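Enquirer: here you go, sequence then predicted model.
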Amino acid sequence: MKETRLGMRNFFEKIQEEKKILSFYSLLKLFFYILSLFYGLGYHFRVLLYQSGMVKPKKLNAKVISIGNITLGGTGKTPLVIYLSQKLKEQKIKVAILIRGYKRRKKELTELVEENKNKIPWSEVGDEPYLLASRLYDVPVLVSKERSTSGVCAEKKYQAEVLVLDDGFQHWKLSRNLDIVVIDSTNPFGNSKLFPAGILREPLSSLKRADILVLNKANQILNKEDLIQILRAYNQDAPIIESVYAINSIERLLGHSLIEEKHLEGKKCLAFSGIGNPISFEKSLKRLKVEVLKHYRFADHFFYQKKDILNLEKKAQELGADFMITTEKDSVRIPMMNELKIPIYVFKIDLVITKGEEIFWKKIEGLLT
């Protein structure tokens with residue numbers, strides 16, 4: 001009988017604890033919702049300033065193509081910036097990239113060009129600008145919060161004809177000729193609420209400003225037509241382009257020697273990443289036909305220390321992993337170290353347009369004629 005009463009008491013105490021937890025989360029959700037209302041008010045006020053003409057964006061002589069999104073986290077902007085810049089360069093068009101450089105230590109305008117990029121630590125400019133400069137060795141990457149200032153510099157110093165504005169959909173200070181918005185097909189809008197209650201940086205109605213909509217990872221969803229229908233409700237005119245990720249290469253972190261995919265099949269690995277969308281990385285790894293023993297997720301733009309890498313190596317040894325693997329963006333932030341007992345491989349991807357590439361380039365070429 002005592003055991004029964006004790007069991008009942010524990011049962012009701014557990015219910016009370018769960019109620020307290022639910023109440024806490026309800027209050028937290030309400031708090032975030034109220035903050036999102038203020039965030040929305042700030043957004044609409046800023047839009048009003050520009051649309052009324054009270055504040056005017058800076059207009060440059062070069063054509064400005066913005067690549068952005070309306071959500072937090074990784075959608076595929078950086079791979080699209082690489083794709084677009086490479087193609088423009090192949091057409092003998094002078095192109096430069098304007099980027100803010102998230103979490104960079106150096107605040108003044110910094111130019112990453114072929115001559116100096118190896119002399120500038122990634123921490124001064126941020127991981128994304130450094131990655132872009134590594135991939136696009138002959139394309140100037142100008143890092144500054146004030147993209148209008150870096151744009152003028154790109155025009156004067158590098159005679160840029162086209163400026164690719166990275167993460168520019170919310171950057172109202174600079175006038176642009178084309179707005180490309182990248183949508184993560186696997187998680188397009190989250191819960192459709194503004195930050196911090198959700199992942200939206202702008203209301204969905206802002207999609208009407210887009211000139212091109214790019215559905216990235218279009219091969220990873222089944223209800224694609226439903227998503228297209230939602231996009232069409234907000235924007236009837238913008239062409240909807242589809243893209244996917246393709247493996248560019250796998251390299252050893254030290255020495256950058258290439259690793260053939262066939263040599264990895266059936267091997268065991270420990271994965272780690274500090275990116276906006278770690279699930280996408282996990283899905284990409286499945287194509288390698290390797291056994292992922294564990295995936296350690298760090299915060300986006302995580303600043304790796306030597307102790308972090310040594311801890312990961314220790315975990316990999318305990319699990320019996322053959323190698324560790326991470327993303328190209330993460331590899332920029334890994335400190336230089338002597339050869340580890342378990343090697344680190346870098347997984348590089350490209351963005352490939354699978355549907356609407358001809359329409360995409362007609363839009364681009366229409367600016368240049």
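Expert: Cool, the structure landed.

Enquirer: spit out the contact partners of the residue nearest the centre of the chain.
Expert: Relative to the mean C-alpha position of the chain, the nearest C-alpha, by C-alpha atoms, centre = their mean, is the one of G74, at 3.0 Å. G74 makes contact with 184, 275-277, 280, 300, according to C-beta atoms under 8 Å, 6 or more residues apart in numbering. Backbone N, C-alpha and C define where each C-beta goes, glycine included.

Enquirer: now flag whichever of those is closest to F360.
Expert: D184 (18.0 Å; C-beta to C-beta).

Enquirer: and the strands in the stretch 1-150 of the chain?
Expert: With DSSP state E, counting those that start in this stretch, the ranges of strands along the stretch 1-150 of the chain come out as 63-68, 95-99, 110-112, 141-143.

Enquirer: which one, of those, ends up nearest to P343?
Expert: Closest among the strands of the stretch 1-150 of the chain, using C-beta to C-beta: strand 110-112, at 27.9 Å.

Enquirer: summarise which helices and strands that closest one is packed against.
Expert: If contacts are counted by 3 or more C-beta pairs under 8 Å, 6 or more residues apart in numbering; DSSP states H and E, strand 110-112 sits against helix 122-125, helix 127-135, strand 141-143.

Enquirer: and the contacts of G74, which of them are buried?
Expert: 184, 275-277, 280, 300 (16 or more other C-beta atoms under 10 Å).

Enquirer: for the contacts of G74, work out which two are farthest apart.
Expert: D184 and D300 (14.1 Å).

Enquirer: hang on, the earlier thing: tabulate the contacts of G74 (a markdown table), appending secondary structure.
Expert: Shown next, in a markdown table, are the contacts of G74 (DSSP: H, G, I helix; E, B strand; the rest coil):
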| residue | secondary structure |
| --- | --- |
| D184 | strand |
| I275 | coil |
| G276 | coil |
| N277 | coil |
| S280 | helix |
| D300 | coil |
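
Enquirer: would CSV of these with distance to M337 and pLDDT be doable?
Expert: CSV is the format used below for the contacts of G74 (distance: C-beta to C-beta, whole Å; pLDDT from 0 to 100):
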residue, distance to M337, pLDDT
D184, 33, 95
I275, 21, 93
G276, 25, 87
N277, 27, 87
S280, 27, 87
D300, 23, 92
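
Enquirer: tell me the most buried of the helices and strands packed on strand 110-112?
Expert: Ranked by mean neighbour count under mean count of other C-beta atoms under 10 Å, the helices and strands packed on strand 110-112 are led by strand 141-143, which reaches a mean of 29.

Enquirer: which residues does the residue nearest to G76 when sequence neighbours are not counted bridge with?
Expert: Distances taken as C-beta to C-beta, 6 or more residues apart in numbering put N216 closest to G76, at 3.8 Å, once the chain neighbours are dropped. N216 forms beta bridges with D184, as assigned by DSSP bridges.

Enquirer: residues contacting N216?
Expert: Taking C-beta under 8 Å, 6+ apart as the test, what N216 contacts is 75-76, 80, 182-185, 243-245, 351.

Enquirer: state the pLDDT value of the closest residue in space to L49 that isn't next to it in sequence.
Expert: Distance criterion C-beta to C-beta, 6+ apart; nearest residue to L49, sequence neighbours excluded, is V55 at 4.4 Å. If you check V55, the pLDDT there is 93.

Enquirer: and V55, how close does it get to F45?
Expert: 11 Å (C-beta to C-beta, to the nearest Å).

Enquirer: looking at these two, which one has more neighbours?
Expert: Ranked by neighbour count (other C-beta atoms under 10 Å), V55 and F45 place V55 first, with 12 against 9.

Enquirer: was I right to think the more buried one contacts L48?
Expert: No. With contact defined as C-beta atoms under 8 Å, V55 does not count as touching L48 (9.5 Å).
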